[in-house]
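> mind folding the following:
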Amino acid sequence: MARETLPVALDLMFGHEGGYSNVKTDSGGPTKYGITHKTLAAHRGLKSVTAEQVKAMTLAEATAIYQRSYWSQSGGDVLPAGLDYAAFDFGVNSGPMTALKKLQVVLQGAGVYAGKIDGHIGEQTVAGVNAFPGGIRMLIIAYCDERMRYLKSLGGKQGFSANGRGWTIRVTGKDPLKKWKDQPGVVGNALRLTRPAGVAPVKVDAPAEAAAQADTKNTGLPEILKKPEAWGPLGGLLSAGGAIAAGSGPLQWALAVALVAGVAVGIWYFVRRVRSEA
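Next up is the predicted model:
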């Protein structure tokens, strides 16, 4: 089952990850076969590598990196065929831990997973996968929808505004501008892989930004502040504003300013935590 998907997943990955790239909108920097310079350096046990060393990386080395650093960590060895590919592609694009956290979010939302959203796959996560309402095919669709929600939450110059069209084509196979023909995308190919005798997966042809790394640190502030946990600090900010408006002396103003500062620090730490957990 799952391990048999790896050769196909790698072929699909190299298809839309492309060759060498080094574009400003990609937070990963110099990249080849979807392998960033930082990942290549870690694989070789070095502090850093040059852009030229990335460009000279062989297909064999890229394959070894994917097998060791992405496939297993994204649940490839234990997830059912099709879902394993969807999680693998997500893991390469956004990091294996993020890919598994979002899978757990989907399972928890369906009421089949009561564990922690920790990005580590275990018996509870696998049991939730097997118990998902509608089966693996419905889970793949829900999972790719969750992936798109996550990508759309990424702000900054290297977030969805810069790379969203490419990411959308990569995941859904649909071009928002309708300039590229419709393709299976990750979701379509994952669904095809659930059927051993089904139609063969098809490499996705997408713009260069489809291969850009999705940086969890760029989770947009508006999206973060929608979370219920942020309402406490925001309520404190409103209270501070009321105190300032009602204050008639230096003491009230000093207390209100101190409250605003404390709220600002609280929000800052909350944003950091959310981005680190994304």
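
> for the rest of this, base every contact and every neighbour count on C-alpha atoms.
OK.

> so where is the stretch 101-250 of the chain shaky, pLDDT-wise?
For the stretch 101-250 of the chain, residues meeting the criterion pLDDT under 70 lie at 197-199, 216-250.

> ranges for the helices of it?
Applying DSSP state H, counting those that start in this stretch to the stretch 101-250 of the chain gives helices spanning 123-130, 136-152, 160-172, 185-193, 221-224, 231-246, 250-277.

> please point out which parts of the first one sit buried.
If I follow you right, that is helix 123-130. T125, V126, G128, V129, N130 (16 or more other CA atoms under 10 Å).

> same question for the second one.
For helix 136-152, a neighbour-count test (16+ other CA under 10 Å) marks 136-137, 139-148, 150-152 as buried.

> domain-wise, how is the protein divided?
Each domain of the chain is listed here as a residue range: 2-214, 228-277, per automatic domain parsing.

> kindly compare burial across those and name the winner.
domain 2-214 (a mean of 19; mean count of other CA atoms under 10 Å).

> please tell me how far the residue nearest to the spatial centre of the chain sits from S72.
With distances taken as CA atoms, centre = their mean, the chain has S94 as the residue nearest its mean C-alpha position (3.6 Å). Using CA to CA, to the nearest Å, S94 is found at 15 Å from S72.

> and what of K116?
For K116, the distance to S72 - CA to CA - is 20 Å.

> same check on V186?
With CA to CA as the criterion, V186 and S72 are 18 Å apart.

> Y143 too?
18 Å.

> go on, D118?
Counting by CA to CA, the gap from D118 to S72 is 16 Å.

> cool, and R147?
When distance is defined by CA to CA, R147 is 19 Å away from S72.

> same thing with V8?
Taken as CA to CA, the span from V8 to S72 is 15 Å.

> what do you get for S153?
The spacing between S153 and S72, counted by CA to CA, is 26 Å.

> re the thing from before, export the buried residues of helix 123-130 to JSON lines and tack on distance to P196?
Shown next, in JSON lines, are these (distance: CA to CA, whole Å):
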{"residue": "T125", "distance to P196": "24"}
{"residue": "V126", "distance to P196": "21"}
{"residue": "G128", "distance to P196": "23"}
{"residue": "V129", "distance to P196": "19"}
{"residue": "N130", "distance to P196": "18"}
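
> lovely, talk soon.
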